[in-house]
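S.K.: what's the 3D shape of this:
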Amino acid sequence: MSTTPRSLTVDESLLRRMANDATVYSLTRPLAIVMWVALAGAFVLSILNLNARIAAGPDEVGLAAWMPPVILGLAAYAIVLTVSSARRAVRAAMPPETVVWVSLGEDVLQMGSGRRRSDIRYSTFQSMRAGKDAVLFKLRDASAATAIPRALLTDDDILTLRAKIS
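M.R.: Here you go, the predicted model:
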């Protein structure tokens, strides 16, 4: 377990990569998967409805022709909003050129960014996901997640965190 804080300076490249990990996390959460299944179902139904209307005659198509592109547009909009939100959240927590540090205590995860410091009990976290460039912690009883650069944690630290959080 790490008691000595490890630190690094955040740059634009790291922020983008961390935002990508946060985006993947957001787009693959259970509620998001339900949304993707619903959108896929709506898309299939709209195609079936469109085919039935085309078979009835070209004058019967009406607004049914617009449903597949609208559904695809909603899916694209959801992705764009998620990417934008992840970028904004990561940038707000760790502006470029900020020194970020983390230390694993016996009962708390200590982390800081710039002049901010947080001591968060492991029991505060519901789950964690270690991505390629970010480790994301889902807070218990909240829709929020917090991210720290993956480079600050060793593989042993990740295993320790998983044991303490699960």
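S.K.: which non-adjacent residue is nearest residue 96?
M.R.: Excluding the flanking residues, the one nearest residue 96 by CB to CB, 6 or more residues apart in numbering is residue 12, at 5.6 Å. All C-beta spots, glycine's among them, are computed from the backbone N, C-alpha and C.
S.K.: could you report the neighbour count for that neighbour?
M.R.: 10 (other CB atoms under 10 Å).
S.K.: model confidence at it, what's the number?
M.R.: We have a pLDDT of 94 for residue 12.
S.K.: do the same with the one 3 residues further on
M.R.: The model reports residue 15 with a pLDDT of 94.
S.K.: tell me the buried residues in the helix or strand hosting it?
M.R.: Using DSSP states H and E, residue 15 maps to helix 12-27. Within helix 12-27, the residues scored as buried using 16 or more other CB atoms under 10 Å are 14-15, 17-27.
S.K.: ok, back up a step: I figured the residue nearest to residue 96 hits residue 94, correct?
M.R.: No. Contact criterion CB atoms under 8 Å: residue 12 and residue 94 do not qualify, at 11.2 Å.
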